[in-house]
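K.L.:
how would this look folded up:
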Amino acid sequence: MQRHRMFGTVLRAVLSALLMSACAGRPTAAPMAETADVVAVTATATDLSPTVTAPTPSLPPATPPATSTLRPSATSTRQPPATLPSTPPAPTATSTSTPPPTPAPQLTPPVILSFTADRTDIAERETVVLHWKGTGATSAAIWWFDAHAMPSPPVEINGDPNDGSASINPDASPIHLTLRNAAGETEAMVELNIHCVYAWIPELAGNPYADRCPQEPIYTLAAQQAFENGFMIWLANEAVIYVFYNSGVQGPTFTGPYFHAYADRFREGDPENDPTLVPPEGRYQPVRGFGLVWRTETDVRTTLGWAIAPESGGETWAQRFSGVGRYASYQYLKGLDGRIYFMQYLDGRWGLYP
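P.N.:
As a prediction, this is how the structure comes out:
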């Protein structure tokens, strides 16, 4: 109840002050006691219950604050970046332009202007002189495929490769000229008509290799002896003994007749046989050169077996020629029995001709 009374007293004081200030302008002093009450009540007004409401005096509207318009500053305060852009500045145009460089001339392969031989009709391995002219070459080579169908050894070229000459002794044709430089090479050929130096033995005129040039025919003393599984032939000119086997295994794939050659190491005064070796009835122990090979070469003795007849001697012939390949050498050999044997030195095979 006391709080209500205090609140009513404050309210009356406020209303009274407002009425007096509205009068003729003469201020009216409030009683001291009431003023003290107003001050005291004001100090405790915040403790009043919110449920108590008082009439709100009509006050003049508050003056709205002045609005200020922000304008951008005329001077920028942004600072330049700490680092410059990575893109280089465009070059400053100059009043004069540099002409483009002149391209280097393109290198081309050599050109052969001429290639000739001092003669084109020669005997096998006869000397031929070659001449040529060209342009743009830094080196030159002369070559051909020889009688073995293999590239010939290189020919030494001295002097200017664009104006050269060379002496050769070919055994086959055509002859090739090659000029080279860093851009490539150019080739020319000259054909030669090469005649065989030696003719085929008449008995071999129709052999399958008659279009090849044979070597010089050999006519020599010989000896021959037959064995249980083959035969031997000795040729005096070569001092060699050929052992021919009728059959057997030669190499990883070949099975059939094959031969081996052995040097004749028998010398006069050497033992001609071994008396401890006694052949069966109707068989013979080979003697002299045949006997030395037969006794010392175990494979020969075990493969050929015993001789089935004494050896015979006489004269015979042989002729060789070259085939395709460096080691492709062949020979026709006529035995003392009248047969002609065809021998392939590369793989050791043999057969009869014709």
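K.L.:
which regions of the stretch 251-354 of the chain lie under the pLDDT threshold?
P.N.:
251-253 (pLDDT under 70).
K.L.:
What are the boundaries of the strands in it?
P.N.:
Listed in chain order, the strands of the stretch 251-354 of the chain (DSSP state E, counting those that start in this stretch) span 254-255, 258-263, 312-322, 329-334, 340-344, 349-353.
K.L.:
Can you tell me how far the residue positioned nearest the centre of the chain is from A140?
P.N.:
Nearest to the geometric centre of the chain sits G184, at 19.6 Å (C-alpha atoms, centre = their mean). Look at G184 and A140: by C-beta to C-beta, to the nearest Å, they are 14 Å apart. (C-beta placed from N, C-alpha, C; glycine too.)
K.L.:
Next: G305.
P.N.:
Distance from G305 to A140, by C-beta to C-beta: 61 Å.
K.L.:
More neighbours: which of these two?
P.N.:
A140 (24 against 16; other C-beta atoms under 10 Å).
K.L.:
ok, the more buried one - contacts?
P.N.:
W132, G134, I157, P161, N162, G164, L177, T178, L179, R180 (C-beta atoms under 8 Å, 6 or more residues apart in numbering).
K.L.:
let's go with 7 Å and repeat that
P.N.:
I157, P161, G164, L177, T178, L179 (C-beta atoms under 7 Å, 6 or more residues apart in numbering).
K.L.:
Let's test this: name the helix or strand in the protein with the lowest mean pLDDT.
P.N.:
Taking mean pLDDT, DSSP states H and E as the measure, helix 32-44 is the helix or strand of the chain with the lowest mean score, a mean of 39.
K.L.:
Return the set of buried residues in the following helix or strand past that one.
P.N.:
Going down the chain from helix 32-44, the next helix or strand is strand 111-117, by DSSP states H and E. The neighbour-count check on strand 111-117 (16 or more other C-beta atoms under 10 Å) flags I112, F115, A117 as buried.
K.L.:
Output those as CSV; include the columns distance to A123 and pLDDT.
P.N.:
Formatted as CSV, the buried residues of strand 111-117 follow (distance: C-beta to C-beta, whole Å; pLDDT from 0 to 100):
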residue, distance to A123, pLDDT
I112, 28, 97
F115, 22, 97
A117, 14, 97
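K.L.:
Same list (the residues you listed) but as TSV, adding distance to G335.
P.N.:
What follows is these, written out as TSV (distance: C-beta to C-beta, whole Å):
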residue	distance to G335
I112	53
F115	49
A117	44
